[in-house]
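1. Fold the following, please.
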Amino acid sequence: MVNVQNVTFSYTKRTELLTNLSLKLEAGRIHGLLGKNGEGKSTLLKLISGLDFPKAGSINTLGFDPAKRSPEMLRDIFFLPEELPQLSLSIENYEKVYAPFYPNFSTEQFNAYLKEFDIENKKSMLNKLSHGQKKKVFVAFGLATNTKLLLMDEPTNGLDIPSKGQFRRMVASAIDESRCLIISTHQVHDLDSLIDSITVMEKHEIVFNQPIEEITKKLFFRVADRNEKTEDVIYSEDTLRGLYQVCVNTTGEESKLDIELLFNAILTEKNKIVKLF
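-> Residues are numbered from 1 along each chain as shown. Alright, predicted model coming up:
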C-alpha cells in the first residue's frame, strides 16, 4: 500500500524535519502512527498523500508517485487532517459536492455512521457545528468513501469519551483486507484494542514498526508486586496498583498489549526493545 524509501523533508533549508526515513505499510491493517507532538507525523501523512513533496528519496502510494497527484490515486485516498476545513456548506451539500470524487462512496454507509454518531440532521451547516460534531461528520464521510487508503490525523481530538468508543467500533467494522488505515495520534489510549500495527516516531525518525502479533510474541506486559525481583524487565512504571512492566517474553505466553506502556518503554529503552526485533 505505502512504501517510503530514504525520504528527507524540510520546510526550511536549515532544519530537516525528516531525514532518510523509510517505512512500509500493508493493506488489511489499521496502523497506529505514534509520537510526541512535532515529530513529523502530520508531515509524513501529507507526503504519503501528495500534499507535500520530499526533498530526497521516493514514495510509492498505491502504486503511484503521490507528488503527481494522479486522479487514479486520489480517488482511492481520503485524508482527514487535524485542522478541519472551514466550509459554509450543509452536511447534505458537502456530500453532493465531494462524494462524486470517490467512486465507491456509499450514502447508505454515510447515513449509518452519522446516525451512530447521533447526528440526525444532514441540513446542519458545517460551520455552525462544534469541533467535535464536525469531526464526527468528516470521520463518517471518510469511512463511507471506501477508499483503499484512509489517512487520519488526530481523529479523536475533540471527541468525548462515548464518541471515542463509537469511533473505534466504526473503524474496526469498516476496514477489511483490501483497505489500509493509518491513524496518527499522540493520544495512545484512544487506539486501545483498535490498531494491529504500531509505528513510533522519535526525533523525526521511525524507531519502531511492528505488527501487534510480533510485539506480543517478543514482549510480555504485566503488573508486578513492588518487591518482586525479575531479570527480564525492560521498562517499569510505579503505579497505585503496582509495577506496570514491559518484559522480554521468555515463556511464549501471550499478554494484553498496553500501548501507552509500550510507547513509554520505546522512548525510554529504545535500544533494548529494537534489539529484540
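2. So, low pLDDT: which residues of the stretch 151-277 of the chain?
-> 229 (pLDDT under 70).
3. Helices of that one, start to end?
-> 161-174, 212-218, 259-268, 270-276 (DSSP state H, counting those that start in this stretch).
4. wait, which of the ones you listed is closest to G50?
-> Shortest distance between G50 and these, using Cβ to Cβ, is found for helix 161-174: 23.1 Å. Quick note: C-beta positions are derived from backbone N, CA and C, even for glycine.
5. name the helices or strands packed onto the closest one?
-> helix 107-116, helix 131-144 (3 or more Cβ pairs under 8 Å, 6 or more residues apart in numbering; DSSP states H and E).
6. could those helices go into a markdown table alongside mean pLDDT?
-> Putting the helices and strands packed on helix 161-174 into a markdown table (pLDDT from 0 to 100) gives the following:
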| stretch | mean pLDDT |
| --- | --- |
| helix 107-116 | 96 |
| helix 131-144 | 96 |
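7. want to throw those into TSV with mean neighbour count and distance to Q166?
-> As requested, those are exported to TSV (neighbours: other Cβ atoms under 10 Å; distance: least, Cβ to Cβ, whole Å):
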stretch	mean neighbour count	distance to Q166
helix 107-116	16	6
helix 131-144	21	8
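8. Tell me the bridge partners for the residue most central in space within the chain.
-> With distances taken as Cα atoms, centre = their mean, I183 lies nearest the centre of the chain, 1.3 Å away. Judged by DSSP bridges, the bridge partners of I183 are G32, M152.
9. picking up where we left off before, pick the most buried one from the helices of the stretch 151-277 of the chain.
-> With neighbours defined as mean count of other Cβ atoms under 10 Å, the helices of the stretch 151-277 of the chain peak in mean count at helix 259-268, which reaches a mean of 19.
10. Which residues does that helix contact?
-> 32, 34, 188-189, 191-192, 195, 198, 200, 202, 207-208, 215, 219, 221, 234-235, 237, 244, 246, 273 (Cβ atoms under 8 Å, 6 or more residues apart in numbering).
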